[in-house]
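**Q** build the 3D model from these lines:
(one chain, ligands or ions: 2)
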Amino acid sequence: MISVAQALEQILATITPLGPERVSLLDALGRVAAEDIHAHRAIPPRDNSAMDGYALRWQDTQGATPESPVVLDVVEDIPAGKVPEKTVVAGTAARIMTGAPIPDGADAVMKMEETAKDGQKVRIFAAAAAGMDIRRAGEDVQPGERVVGKGEVLTPSRIGILASVGRAFVEVHQRPVVAVLATGDELVEIDEAFLAEGKIVSSNSYSLAAQVLDCGASPLQIGIARDTREDLIAKFKAARRADIILSSGGVSVGDYDLVKDIMKEVGNRMQFWRVAMRPGKPLAFGALEGVPLFGLPGNPVSSMVSFEQFVRPALLKMMGHRNLFRRIIRARLGEDIRKNAGARNFLRARVEFRDGRYHVVTTGEQGSGILKSMVLANGLIVLPEAVTHARTGDEVMVQLIDGSLERMESPEYLKD
Ligand code: AMP
Ligand code: MG
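**A** Ligands and ions are numbered 1, 2, ... in the order given. Down below sits the predicted model:
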């Protein structure tokens, strides 16, 4: 039996990021850049106006006030997108709209509110300063500047900056295709109208595939393998096309738990089989003809918790991510918890932020087949191997397993 830390280290040591693929800019959202991207142009490309107003020479406006305005000749109208044709010389101005290029000769913009139009002339009611309300060419991005670095996640703002430098596609790390295989003679597909005696729907096929999607990877449903060597081998063969294989069930010590035996055979490689954790002790990890293979436990919660600890970081690493792990917070425990020493425990729990700190309580029955307490959980209380008793009021580690803490019912930033 190995520790959670050792298991994680061994797994991640065998996982390498997938190669690049070219995708269109919007398809890159949330994915990881596999190339450095440099700007081939300046953003903005030219000096332009930050205001609707008049482009002028600031020295012409010295001393201007509402009572004694300066009067300038308007030589041109420059809406956004137009190229200026005239030069602004002393005593003149060009009417200009936000984003329009600054004409030659002008060195400031006076906003509309400080002016009054008077036929072909304009009255200016305030003094300008050099460069006022001019956005400089390249003030956002310089030509040649790196706008996205290899390994960075493509957020909406990065997609915006890539669009502004004219990049319609991006090289990103491929999404892994993840084969999801259920094993067990008791399992049936979801469309079985009447459950025969002793049968259950293979819910793991769905919860695991959903976890795969949630990471940004692509599940490939291989279906259900019967608990026979022949069927298991056939289904594993079908799974070899994937970048990584997940099976659930059949890794325990029961008579029909054949997955780990098959993983020990030729062409396969099993690195370990048991991890000192709860839930999720039986976890086989290895490779099937070079394709990483996780033999996850069959119990619905065990398979999900094992996925969280080991498969998710592996998939994120394959997709080129650098930050592979869920956030851990410290929360005040609202109850007493006893456990045996030796295994790291992950308890389904609900975290809340109240009175300036996090509070956490378990969500009920912790049996590894009880999915309902997983449904109610937004975190897992993590109790290390040596701990045997956590008391009410103790600070405990909680791994946040969904995004619910990132959202709130009301816009609290409005409370001042
Ligand atoms: P096993 O390790 O194969 O004995 O499975 C442990 C427990 O998990 C048994 O109660 C199984 O019925 C259950 N189980 C296994 N696979 C699935 C699955 N795909 N969906 C739901 N429950 C499962
Ligand atoms: Mg089974």
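
**Q** show me the strands in the stretch 1-150 of the chain, by range?
**A** 20-24, 37-38, 48-49, 53-56, 70-78, 92-96, 108-111, 115-118, 121-124, 134-135, 146-148 (DSSP state E, counting those that start in this stretch).

**Q** out of these, which is the most enclosed?
**A** Counting by mean count of other C-beta atoms under 10 Å, strand 53-56 has the highest mean neighbour count of these, with a mean of 29. C-beta: built from backbone N, CA, C; applies to glycine.

**Q** looking at the strands of the stretch 1-150 of the chain, spot the one closest to Arg278.
**A** Of all the strands of the stretch 1-150 of the chain, strand 20-24 sits nearest to Arg278, with 39.2 Å by C-beta to C-beta.

**Q** run the chain-centre distance for that closest one.
**A** Offset of strand 20-24 from its chain centre (C-alpha atoms, centre = their mean, to the nearest Å): 18 Å.

**Q** for it, which strands pair with it and how are they oriented?
**A** strand 169-173 (antiparallel) (DSSP bridges).

**Q** which residue packs closest to Ala163, ignoring adjacent ones?
**A** Nearest-residue entry for Ala163: Leu25, 6.3 Å, with adjacent residues in sequence omitted and distances by C-beta to C-beta, 6 or more residues apart in numbering.

**Q** excluding its backbone neighbours, what's nearest Thr228?
**A** Closest to Thr228 by C-beta to C-beta, 6+ apart is Leu258, at 7.6 Å.

**Q** count of residues packed around the one you found?
**A** 21 (other C-beta atoms under 10 Å).

**Q** check what pLDDT it gets.
**A** Listed pLDDT for Leu258 reads 94.

**Q** re the thing from before, what's the closest of the strands of the stretch 1-150 of the chain to ligand 2?
**A** When the strands of the stretch 1-150 of the chain are compared by C-beta to the ion, strand 20-24 sits nearest ligand 2, at 36.5 Å.

**Q** what lies in contact with the closest one?
**A** Contact with strand 20-24 is made by Arg31, Ala34, Glu35, Ala168, Phe169, Val170, Glu171, Val172, His173, Gln174, as judged by C-beta atoms under 8 Å, 6 or more residues apart in numbering.

**Q** just the buried subset of the residues you listed, please.
**A** Buried subset of the contacts of strand 20-24 (neighbour count, 16 or more other C-beta atoms under 10 Å): Arg31, Ala34, Val170, Glu171, Val172, His173, Gln174.

**Q** over to Ser205. Which of the three states is it?
**A** Using DSSP: H, G, I helix; E, B strand; the rest coil, the structure places Ser205 in helix.

**Q** element containing the residue of the stretch 51-200 of the chain found nearest ligand 1, please.
**A** Nearest residue of the stretch 51-200 of the chain to ligand 1: Ala182, at 3.6 Å (C-beta to the nearest ligand atom). Element membership for Ala182 (DSSP states H and E) is strand 177-183.

**Q** that strand pairs with which strands?
**A** Sheet pairing of strand 177-183 (DSSP bridges) gives strand 218-225 (parallel), strand 244-248 (parallel).

**Q** and among these, the most buried is which?
**A** strand 244-248 comes out most buried of these by mean count of other C-beta under 10 Å, with a mean of 28.

**Q** right, and the helix or strand after that one?
**A** Downstream of strand 244-248, the first helix or strand assigned by DSSP H and E is helix 259-263.

**Q** if we can go back for a sec, as TSV, the buried ones among the contacts of strand 20-24 with distance to ligand 1 and pLDDT would be great.
**A** Below are the buried ones among the contacts of strand 20-24 laid out as TSV (distance: C-beta to the nearest ligand atom, whole Å; pLDDT from 0 to 100):
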residue	distance to ligand 1	pLDDT
Arg31	29	98
Ala34	34	98
Val170	37	98
Glu171	37	98
Val172	32	98
His173	29	98
Gln174	27	98
